[in-house]
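**Student:** Quick one: sequence and predicted model below, then my questions.
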Amino acid sequence: MSNDPGQPPVISPLGLRPETLDAPDGLDVGARLRRVREARGLSQRELARRSGVTNGTISLIEQNKNSPSVASLKKVLDGIPLSLTEFFALDEAPETQVFFRAEELIRVTDGLLEFKRVGTGEGDRLQMMVERYQPGADTGRALYHHEGEEAGVVIAGHVEITVGAERRTLGPNEAYHFDSRIPHRFRNPGKEIAVLISACTPPSF
């Protein structure tokens, strides 16, 4: 949208000129965009592709390092899709949300390793995720470690889990539980997708 000297200025549905974005007082545009994107299960890369903008643009807006124009924000929201009016009228996510639809799980990673987190991720003391490993997917050749403890149950397929000097391949309904400070690694050695439900405290993602 642009203004032609011979034409009346274009006004957005919010009553704002396209070159400005005067968000309601106290509204964190970046945080709201991130919540909406994650609630729809979209990565920054996927939203950028749908909107026709760069990954960097989405990242800068969500970090509030780039104040978008009305036109720019509308372009991004069109990729969701969500109108400007709906975006600014959204209520904040309830702090006490108990139940989550499948599309409300927050995508942490995608690709060969797809991790989706349960909960809002804000102030959580427990991290629970649905993890999907494509055939050959691996958390990395180098074992990693972090504070806390974790446990999980394999739902489908097989997952090879290495914890320190121990290694075992688990199948459906088999489980694990260990101190996360011990170096560990997860890998799908099979030819079918592996799925597990994991829990970790405190959250590591």
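**Tutor:** Received the coordinates, thanks. Keep in mind it's a predicted model, so treat the numbers as computed, not measured.
**Student:** Render the CA-only coordinates of stretch 159-169 in PDB, please.
**Tutor:** Output of stretch 159-169 as PDB, limited to C-alpha atoms (Å, rounded to 0.1, in the frame of the first residue of the first chain):
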ATOM      1  CA  VAL A 159      14.800 -45.300  19.600                       C
ATOM      2  CA  GLU A 160      18.400 -46.000  20.400                       C
ATOM      3  CA  ILE A 161      19.300 -44.200  23.600                       C
ATOM      4  CA  THR A 162      22.800 -43.700  24.900                       C
ATOM      5  CA  VAL A 163      23.300 -42.600  28.500                       C
ATOM      6  CA  GLY A 164      26.900 -42.500  29.500                       C
ATOM      7  CA  ALA A 165      28.400 -45.900  28.900                       C
ATOM      8  CA  GLU A 166      25.000 -47.600  28.500                       C
ATOM      9  CA  ARG A 167      23.100 -48.000  25.200                       C
ATOM     10  CA  ARG A 168      19.800 -49.600  24.500                       C
ATOM     11  CA  THR A 169      17.200 -49.600  21.700                       C
END
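**Student:** Contacts for it, please.
**Tutor:** 133, 143, 158, 170, 176, 178, 182-189, 194, 196 (CB atoms under 8 Å, 6 or more residues apart in numbering). For the C-beta atoms, the positions are set from N, CA and C on the backbone; glycine is no exception.
**Student:** List only buried entries from the residues you listed.
**Tutor:** 133, 158, 170, 176, 184-188, 194, 196 (16 or more other CB atoms under 10 Å).
**Student:** ok so, going back, now tell me which of the contacts of stretch 159-169 the prediction trusts least.
**Tutor:** Least confident by pLDDT among those: that is residue 143, with 92.
**Student:** Could you measure from the closest residue to that residue other than its chain neighbours over to residue 72?
**Tutor:** Spatial nearest neighbour of residue 143, chain neighbours left out: residue 183 (3.5 Å); criterion: CB to CB, 6 or more residues apart in numbering. The span separating residue 183 from residue 72 equals 44 Å under the rule CB to CB, to the nearest Å.
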